[in-house]
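Enquirer: next comes the sequence, and after it the predicted model I'd like to discuss.
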Amino acid sequence: MKWANPFSKVCVPVLAVAGLFLLVACGESKSPAPVATSTVAPSASPETADSINAEETEGEALQTLEVLVGDTAFTAQLADTEAARQLAERLPLELDMQELNGNEKYAYLSQVLSTKDSRPDSIHTGDLMLFGSDCLVLFYKDFSTSYSYTPIGKLDNPQGLSAALGRGDVTVTFRMS
């Protein structure tokens, strides 16, 4: 004997259409992945948020940064990025930088900066980069990398940087020159 459900002729097609509708509706509600991520500090005003999300400006004159390690001073050119401009607005900064991997010193900033990170393939002595949105990194050795960073600047002449930074944690002062 064959069992027959009187609702099967109506319910099965209705359920199939409803399931299809849910799949399509859910698929359309997803927003596309952002092209460039920006992070705004929780206390930022709407005007600040607009300026943080502004596109990178080309053709601006590069600003010169002074990097002091003890009695040794280095100069650096800031990159033409929103993150570098935001960092310049917060200077001077004295940071206790921690040693990592025998090739870099890093410190977490009290406020986040805009990010527009990319994978540089190789890092060079004197590169100043942002890892994530709040970790400032000063590299003192060349090496290959698979990590992504937002450029902040580059020391003009990094000769002696490794010796000045030493092997452990160190205090580094960043200020505009």
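Expert: On my side now, so go ahead.
Enquirer: C-alpha from now on. contacts and neighbour counts both.
Expert: Noted.
Enquirer: quick one, strands of the chain?
Expert: Assigned by DSSP state E, the chain shows strands spanning 64-69, 72-78, 93-100, 104-108, 122-123, 127-131, 135-139, 143-144, 150-155, 170-176.
Enquirer: beta-bridge partners for residue 149, please?
Expert: Under DSSP bridges, the beta-bridge partners of residue 149 are residue 118.
Enquirer: neighbours around it, how many?
Expert: Residue 149 sits with 21 neighbouring residues when counted by other C-alpha atoms under 10 Å.
Enquirer: for the strands of the chain, please prepare TSV with the additional fields distance to residue 164 and mean neighbour count.
Expert: Shown next, in TSV, are the strands of the chain (distance: least, C-alpha to C-alpha, whole Å; neighbours: other C-alpha atoms under 10 Å):
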stretch	distance to residue 164	mean neighbour count
strand 64-69	6	19
strand 72-78	7	18
strand 93-100	13	16
strand 104-108	12	21
strand 122-123	19	16
strand 127-131	15	24
strand 135-139	12	23
strand 143-144	19	11
strand 150-155	13	24
strand 170-176	9	18
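Enquirer: identify whichever of those lies nearest to residue 84.
Expert: When the strands of the chain are ranked by proximity to residue 84, the top entry is strand 150-155, at 4.7 Å, counting by C-alpha to C-alpha.
Enquirer: what about the closest residue to residue 162 other than its chain neighbours? Give its phi and psi, please.
Expert: Sequence neighbours aside, residue 140 is the residue nearest to residue 162 in space, at 5.3 Å (criterion: C-alpha to C-alpha, 6 or more residues apart in numbering). The phi and psi torsions at residue 140 (degrees, to the nearest 10) take the values phi -120, psi 10.
Enquirer: thought residue 140 was touching residue 100?
Expert: No: using C-alpha atoms under 8 Å as the test, residue 140 is too far from residue 100 to be in contact (10.7 Å).
Enquirer: re the thing from before, tally of neighbours for the residue nearest to residue 162?
Expert: Residue 140 has 25 neighbours, counted by other C-alpha under 10 Å.
Enquirer: ok, now how distant is it from residue 114?
Expert: Separation of residue 140 from residue 114 (C-alpha to C-alpha, to the nearest Å) stands at 24 Å.
Enquirer: now residue 103: closest residue in space, sequence neighbours ignored.
Expert: Nearest residue to residue 103 in three dimensions, chain neighbours excluded: residue 141, at 5.0 Å (C-alpha to C-alpha, 6+ apart).
Enquirer: so that neighbour makes contact with residue 100?
Expert: No: if you go by C-alpha under 8 Å, residue 141 and residue 100 don't touch, sitting 11.5 Å apart.
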